[in-house]
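# Sharing a model that was predicted from the sequence below.
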Amino acid sequence: MADLLNSIFLMAPAGGQGGGSSMITTFIMFGAVILIMYFMMIRPQQKRQKEMQNMLSNLREGDKVVLNSGMHGTITKVEEKTFIIQIADNTKVKFEKSAVVQKV
């Protein structure tokens with residue numbers, strides 16, 4: 001297997017010039033770009049998503065929350081996929097858990 005990879009990376013281009021090191025450098029740079037993208041974009045997004053999921057699972061009755069519409073309210077009942085949120089006196093509305101942005 002190693003011999004096959006060496007022969008692929010070290011093959012000379014059709015023009016007769018030795019371009020094996022150029023191809024290796026290209027693969028190394030491509031790999032570096034992928035690593036940079038992972039650590040700068042993908043990993044922080046996964047961390048934020050995990051924190052949001054943790055926050056949603058820890059919400060209880062009586063917690064004050066802000067919804068993605070900007071509405072503020074107090075959780076009065078926790079259901080499997082939804083919250084019943086009191087937004088005013090005698091006004092309770094059912095929202096999906098994903099609508100909650102933050103706990104106040």
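Arrived safely. Numbering: from 1, shown residues only.

# what's the longest helix in this structure?
Assignment by DSSP state H gives helix 20-37 as the longest helix of the chain.

# Which neighbouring elements make contact with it?
helix 2-9 (3 or more Cβ pairs under 8 Å, 6 or more residues apart in numbering; DSSP states H and E). All C-beta atoms are positioned from the backbone trio N, CA, C, and that covers glycine.

# Looking at the helix it packs on now, give me its mean pLDDT.
The pLDDT scores in helix 2-9 average 58.

# Repeat that for stretch 75-83.
94.

# same thing with stretch 87-104?
pLDDT averaged over stretch 87-104 gives 94.

# C-alpha coordinates for it, CSV please?
Provided in CSV are the C-alpha atoms of stretch 87-104 (Å, rounded to 0.1, in the frame of the first residue of the first chain):
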residue,chain,number,x,y,z
ILE,A,87,-46.5,36.1,28.5
ALA,A,88,-49.1,38.3,30.3
ASP,A,89,-51.8,38.0,33.0
ASN,A,90,-54.1,35.2,32.0
THR,A,91,-52.3,34.7,28.7
LYS,A,92,-50.5,31.4,28.2
VAL,A,93,-49.1,30.3,24.9
LYS,A,94,-47.6,27.0,23.8
PHE,A,95,-44.1,27.3,22.1
GLU,A,96,-41.7,24.7,20.8
LYS,A,97,-38.6,24.3,22.9
SER,A,98,-36.5,25.4,20.0
ALA,A,99,-38.2,28.9,20.2
VAL,A,100,-36.4,29.6,23.5
VAL,A,101,-33.2,31.6,23.0
GLN,A,102,-32.0,32.3,26.5
LYS,A,103,-32.9,32.0,30.2
VAL,A,104,-33.1,35.4,31.9
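
# If anything else comes up later, I'll come back, but that's it for now.
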